[in-house]
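In: Below: sequence and its predicted model.
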Amino acid sequence: MSKKKYIIPIFIPHRGCPHDCSFCNQKRIAGNIKEMNGKDIEIQINEYLNLYPKTTKKEIAFYGGSFTGIPINKQKELLQPAYKAKVNGIIDDIRISTRPDYIDTNILKILKDYGVTIIELGVQTTDDEVLKYNKRGHTKSDVAKAVATIKKEGFKLGLQMMLGLAGDSVTAIDNTVKDFINWKPNFVRVYPTLVIKDTFLEELFNTGNYIPYTLEEAITIAKKVLIQFQREGISVIRVGLQTTEEITYGKGVVAGPYHPAFREMVETEIYKEKIEGLLKDKKVIFNKSIVVHCNTREASRVSGYCQSNKNYFLNKYNLKSMKIKSTYQKDPDQLEIEVF
């Protein structure tokens, strides 16, 4: 079992990105964040280090803007404290996030010189029409070039995609997933599109030119995407936006499939489908009792969000009982069901 990696987050509020994409209001997405300098970052790193066990793996991650669009001297200032911690063996990785069109060999040399090991690209979609409609300012070709250059230089690669952008389609989403799989990233993030206040997408929504996914639609599509990535052995480190003071209904979010437990709800549906498939192989189910055997880490997903899977199967098959027995020795990818 791999050791947990502890993240030291450094938020760089909307630095380095001159674009105003249809969906983006970085101030609201990132929350109320002050400008950071090298000294601030050093203090923040030390504060987190005091909280984390010394023997665990640690990663400094820069969030909140297109890092490589920041002036070079500022990039170096921000990276210096992280680099110092890495050189001294205090942390293991440094991660930055940026746009695909803000990557070239010169930039990568600077990042490598300052200890960066992981680069995350905000791709969102690989459909050129959807990219254009959402004012992304880059093309699929830019993404492919950035991916190839990053991998050639030996960095770990993360890719971000969004579901339900303006002008999006099931075909565009499927093709984006296929492209991601072909690029073989180390990890991906998947976000359902939300309508954030003071964005172009809000204008489209208010004029009836954009209809966001319902929560149920987003869960169904995210389930399909998550299954495809998992089948290919690609780690999905986040599904859905992280809750902040601004990312919640009535504040920053105007409309869209927001839920603080979005990933849990998606995984609930995945496990419901798995259990349903196993039950179909059983000849007699109604009025019986069942026991689902699973890995301990999967037990809550088997039970479902707010025990929704358990209630679903109890009602559908008029079960006398449904118990979940778990052990860490069980293969996480395997479920077994007893009927008696």
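Out: The structure has been received and is ready for your questions.
In: Can you tell me the closest non-neighbouring residue to V147?
Out: Nearest in space to V147, with sequence neighbours left out and distances taken as Cβ to Cβ, 6 or more residues apart in numbering, is W183 at 4.8 Å. Using the backbone N, CA and C atoms, a C-beta is placed for each residue, glycine as well.
In: Would you mind splitting this protein into its domains for me?
Out: 6-259, 282-339 (the TED database).
In: Tell me which of the ones you listed sits nearest to T268.
Out: domain 282-339 (4.2 Å; Cβ to Cβ).
In: could you pull out the strands for the chain?
Out: 5-11, 57-63, 93-98, 118-124, 156-163, 187-192, 195-196, 235-239, 253-255, 289-295, 321-327, 336-339 (DSSP state E).
In: Dump the ones you listed to a markdown table, plus mean pLDDT.
Out: Below are the strands of the chain laid out as a markdown table (pLDDT from 0 to 100):
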| stretch | mean pLDDT |
| --- | --- |
| strand 5-11 | 93 |
| strand 57-63 | 96 |
| strand 93-98 | 97 |
| strand 118-124 | 97 |
| strand 156-163 | 98 |
| strand 187-192 | 98 |
| strand 195-196 | 92 |
| strand 235-239 | 97 |
| strand 253-255 | 91 |
| strand 289-295 | 96 |
| strand 321-327 | 96 |
| strand 336-339 | 93 |
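In: right, and those strands - which one's nearest E269?
Out: Per Cβ to Cβ, nearest to E269 of the strands of the chain: strand 235-239, 11.7 Å.
In: Direction included, what does that closest one pair up with?
Out: Partners of strand 235-239 in the sheet, by DSSP bridges, are strand 187-192 (parallel).
In: Identify the residues contacting the partner strand?
Out: 120, 156, 158-164, 180, 213, 218, 221-222, 225-226, 229, 234-241, 256-258, 262 (Cβ atoms under 8 Å, 6 or more residues apart in numbering).
In: Any idea how many residues pack against the closest residue in space to E217 that isn't next to it in sequence?
Out: Leaving aside its chain neighbours, E217 sits nearest to P257 (7.1 Å; criterion: Cβ to Cβ, 6+ apart). The number of residues packed near P257 is 23, by other Cβ atoms under 10 Å.
In: just to revisit the earlier point, spit out the contact partners of the residue nearest to V147.
Out: A144, V147, K151, L157, L159.
In: and if you look at P185?
Out: Contacts of P185 (Cβ under 8 Å, 6+ apart): V147, L157, G158, L159, I234.
In: how near is it to S169?
Out: 23 Å (Cβ to Cβ, to the nearest Å).
In: low-scoring pLDDT stretches of the stretch 51-200 of the chain, where are they?
Out: Residue ranges of the stretch 51-200 of the chain with pLDDT under 70: none are present.
In: quick one, helices of it?
Out: 72-87, 105-113, 128-133, 140-152, 170-183, 200-206 (DSSP state H, counting those that start in this stretch).
In: Which among these is found nearest to T296?
Out: helix 170-183 (29.4 Å).
In: Quick check: buried residues in the closest one?
Out: A172, I173, T176, V177, D179, F180, I181, W183 (16 or more other Cβ atoms under 10 Å).
In: With stretch 314-324 instead?
Out: Here stretch 314-324 shows Y317, L319, M322, I324 as buried, counting by 16+ other Cβ under 10 Å.
In: list the contacts for the nearest residue to R95 once chain neighbours are set aside?
Out: Leaving aside its chain neighbours, R95 sits nearest to I118 (3.8 Å; criterion: Cβ to Cβ, 6+ apart). Going by Cβ under 8 Å, 6+ apart, I118 touches E59, A61, D93, I94, R95, I96, F155, K156, L157, G158, N186.
In: The helices of the stretch 51-200 of the chain into JSON lines, with extra columns for distance to N25?
Out: What follows is the helices of the stretch 51-200 of the chain, written out as JSON lines (distance: least, Cβ to Cβ, whole Å):
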{"stretch": "helix 72-87", "distance to N25": "22"}
{"stretch": "helix 105-113", "distance to N25": "26"}
{"stretch": "helix 128-133", "distance to N25": "18"}
{"stretch": "helix 140-152", "distance to N25": "23"}
{"stretch": "helix 170-183", "distance to N25": "23"}
{"stretch": "helix 200-206", "distance to N25": "9"}
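In: in the longest helix seen in the chain, what's buried?
Out: Taking DSSP state H as the criterion, the chain has its longest helix at helix 262-280. Neighbour counts using 16+ other Cβ under 10 Å place 262-272, 274-275, 279 of helix 262-280 among the buried residues.
In: what is the orientation angle of that helix with strand 289-295?
Out: Angle of helix 262-280 versus strand 289-295, following axes from the mean of the first three to the mean of the last three Cα atoms, to 10 degrees, is 130 degrees.
In: pLDDT (mean, whole number) over helix 262-280?
Out: The average pLDDT within helix 262-280 is 95.
In: Please name every helix or strand in contact with that helix.
Out: helix 215-231, strand 235-239, helix 299-303, helix 308-316, strand 336-339 (3 or more Cβ pairs under 8 Å, 6 or more residues apart in numbering; DSSP states H and E).
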